[in-house]
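[1] okay, sequence plus prediction incoming.
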Amino acid sequence: MSQAAFRARIVGRVQVVMYRDFVKRNARSLGIVGEVKNLPDGSVEVVAEGEKDALDSLLTAMKKGSLLAKVDDIQLQWQEPTGEYKGFSITYT
């Protein structure tokens, strides 16, 4: 399998609805490393690295979101994996 990575900005009702925890749990279950964090504009940013098929599965889950979330848009940029992440975490800023 090929390694891949993406950076995504998720727009909608995605803060204070357990969205970051939802992404973290899904990413870890898929063996994906990276981070998720809230952005000041109310969106959420996800950086993820792993097998391409696993990343596609994570994206599918991210589009649905947590129970209380409402995802309006995902702005996605595929990129080369950096290998800097050892696990998947929530970054608090």
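    Looks like it arrived, so ask away.

[2] how near is the residue nearest to Val33 when sequence neighbours are not counted to Arg25?
    Nearest non-adjacent residue to Val33, counting by Cβ to Cβ, 6 or more residues apart in numbering: Tyr85, 3.8 Å away. In this view, the C-beta of every residue, glycine as well, is placed from N, C-alpha and C. Distance, Tyr85 to Arg25, using Cβ to Cβ, to the nearest Å: 16 Å.

[3] about what we covered before: give me the number of residues near the residue nearest to Val33?
    17 (other Cβ atoms under 10 Å).

[4] same check on Ser43?
    Neighbour number of Ser43 under other Cβ under 10 Å is 18.

[5] could I get the contacting residues of it?
    By Cβ atoms under 8 Å, 6 or more residues apart in numbering, the residues touching Ser43 are Arg9, Ile10, Val11, Gly12, Val14, Gln15.

[6] the same query, at a cut-off of 10 Å, please.
    Neighbour list for Ser43: Ala8, Arg9, Ile10, Val11, Gly12, Val14, Gln15, Asp72, Asp73, Ile74, Gln75 [criterion: Cβ atoms under 10 Å, 6 or more residues apart in numbering].
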